[in-house]
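> Got a predicted structure plus its sequence, pasted below:
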Amino acid sequence: MFDDFETRRIKTSGAEIHLRLEGSGPPLLLLHGYPQSHVMWHRIAPRLAERFTVVAADLRGYGDSGKPPGGRDHENYSKRAMALDQVEVMSALGFERFSVIGHDRGARVAHRMALDHPARVDKAAVLDICPTLAMYERTDMSFAAAYYHWFFLIQPYDLPERLIGADPDFYLEHKMGGFGSETKVFAPEALAAYKRCFRDPATIHATCEDYRAAAGIDLDHDRADLERKIDCPLLVLWGRRGVVGRLYDVLGLWRERAREVTGRALDCGHYLAEEDPDDTLAELAAFL
């Protein structure tokens, strides 16, 4: 995986970010979700690199990126802080304007990035999410049952850390085997890479901090920006067999948050780039 990609580690104002880099076209930033790393893009990143300069980065707290302390109110894992990391990474690479594709947590970072740094983002794509605030405000039994981890991971330190740390491989496989997906869709070497990073207690803690921020300071930021909309074109893709499309009017909710929204469901679960790489790539390539 990523055999032709260069490995870099870039220090930002708040963390050190590990990334893979390849290609020579327009810059394109890829951001992964929970509990994964940049490796989740392995089935489409090489093909995207035929047309774009692909930057596949690990979010702070994830993969091989740095794991700073959570700080007051978990602010160091706010989507604002995580988005700033990636903007600074792109600046360090010489890219002042770029497109971004985010899945799951990475899509929430991309959402915040498009609001906080509109002059930097040319186009954005978000995979299998609705806006965080909308999902929390519409919580019901169906959502809570399917997304129980949102409420488990935000519990005070160190309850989730201890429980996950007792058997991180079991937890990771159980979590990734949900959302309309099965673990057999993941390449063995990709699953091994996710497990290697997730076995680190620092990763478990940092990823809990990500969710704690999402249930607190991120909501404050989102409420403060309710009157603002994403200015750049936004592509929204989701899995037909997943949770988001079953519970929400995905395009309708994003049209409340962005000016120009297109998208559709793909015939897969939550992990689009790994379950349905051909259709995911086709939609992304046409949009970009």
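Perfect, thanks for sending it. Numbers count the residues shown, from 1 in each chain.
> so where do the helices sit in the stretch 1-150 of the chain?
45-48, 79-92, 105-116, 132-137, 141-146, 148-152 (DSSP state H, counting those that start in this stretch).
> And those helices: which comes nearest H270?
Of all these, helix 141-146 sits nearest to H270, with 10.2 Å by Cβ to Cβ. Backbone N, C-alpha and C define where each C-beta goes, glycine included.
> Does G242 fall in a helix, a strand, or a coil region?
Under DSSP: H, G, I helix; E, B strand; the rest coil, the three-state class of G242 is coil.
> ok, now R264?
Applying three-state DSSP: R264 is strand.
> how close does E22 sit to F143?
To F143, E22 is 38 Å away according to Cβ to Cβ, to the nearest Å.
> Ok, D276 next?
Distance check for D276 against F143: by Cβ to Cβ, it reads 24 Å.
> So I230 sits against R259, correct?
Yes - here I230 reaches R259: they are 6.7 Å apart, a contact under Cβ atoms under 8 Å.
> So between those two, which is more surrounded?
A direct count of neighbours by other Cβ atoms under 10 Å for I230 and R259 places I230 higher, at 22 against 11.
> which ones are touching the more buried one?
111, 114-115, 118, 124, 257-259 (Cβ atoms under 8 Å, 6 or more residues apart in numbering).
> Just put those residues in CSV and tack on distance to A214.
CSV is the format used below for these (distance: Cβ to Cβ, whole Å):
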residue, distance to A214
H111, 11
A114, 17
L115, 15
P118, 22
A124, 18
R257, 16
A258, 19
R259, 24
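> ranking the residues you listed by neighbours, who comes first?
In terms of neighbours by other Cβ under 10 Å, the contacts of I230 top out with H111 at 27 neighbours.
> for the stretch 151-288 of the chain, which spans come out with low pLDDT?
179-181 (pLDDT under 70).
> now the strands for it?
234-239, 261-266 (DSSP state E, counting those that start in this stretch).
> What is the first one packed up against?
Translated: strand 234-239. Here strand 234-239 touches strand 121-127, helix 244-247, helix 250-255, strand 261-266, helix 272-275, helix 277-287, going by 3 or more Cβ pairs under 8 Å, 6 or more residues apart in numbering; DSSP states H and E.
> thought A193 was touching H38?
No - A193 is beyond contact range of H38, at 9.2 Å (criterion: Cβ under 8 Å).
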